[in-house]
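J.: Sequence isn't available, so here's the structure alone:
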C-alpha cells in the first residue's frame, strides 16, 4: 500500500514529476481528500511552487502579474491562497511572511502545494471544471 508520505517523498525528490502528482491526486480522491482536485490541476498544468530548500522560502505567483512560470496560478486561484493561509504575504507573489517563519519555521514544498490544492477546492465548480479541462492554465 502506498502512503501519502511516499508520494510526498517522490515529489520532494523531483518537484517536476507531474505524473506522480496526478497519481497522488487519484489516491487522494479515493480517500475523499479535499486536496485531490487541486493536486490534479497542479499536475495537469505542470505547476509547482518555487521553493528554496536552503532557506525554506517558497512562493506562488499571480498570473495577473507574472509571466508563465511553473509557480504561476490564475488570479482567482491565487487569491484563495490568502484565504487558506491568511498570514501569508498578500502581494503579486505570495509566500509566508517573516513572522510566520519566526513562529513556524521554514515552509516546505508540501505545505505550499497543499495550500494551492486547498485553495483550488474553494473555487466555484464551473471554474474548477474549466481549469481541469484546459490544456493551458487560463487566466
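T.: Thanks, I have it. All of these numbers come straight from a predicted model, not from anything done at the bench.

J.: residue ranges for the helices of the protein, please.
T.: Assigned by DSSP state H, the helices in the chain fall at 4-13, 18-30, 36-44, 75-84, 98-104, 109-121, 125-133.

J.: what's the average pLDDT for the last one?
T.: Okay, so that is helix 125-133. Averaged over helix 125-133, pLDDT sits at 93.

J.: one step back: now the helices of the chain in a markdown table, please, with extra columns for mean neighbour count and distance to residue 50.
T.: C-beta coordinates here come from the backbone N, C-alpha and C atoms, glycine included. Shown next, in a markdown table, are the helices of the chain (neighbours: other Cβ atoms under 10 Å; distance: least, Cβ to Cβ, whole Å):
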| stretch | mean neighbour count | distance to residue 50 |
| --- | --- | --- |
| helix 4-13 | 15 | 14 |
| helix 18-30 | 18 | 15 |
| helix 36-44 | 23 | 13 |
| helix 75-84 | 18 | 14 |
| helix 98-104 | 11 | 16 |
| helix 109-121 | 21 | 9 |
| helix 125-133 | 13 | 20 |
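
J.: between those helices, which has the poorest average model confidence?
T.: Here the lowest mean pLDDT among those goes to helix 98-104, at a mean of 47.

J.: hang on, the earlier thing: closest one to residue 58 among the helices of the chain?
T.: Closest approach to residue 58 among the helices of the chain (Cβ to Cβ): helix 109-121, 4.8 Å.
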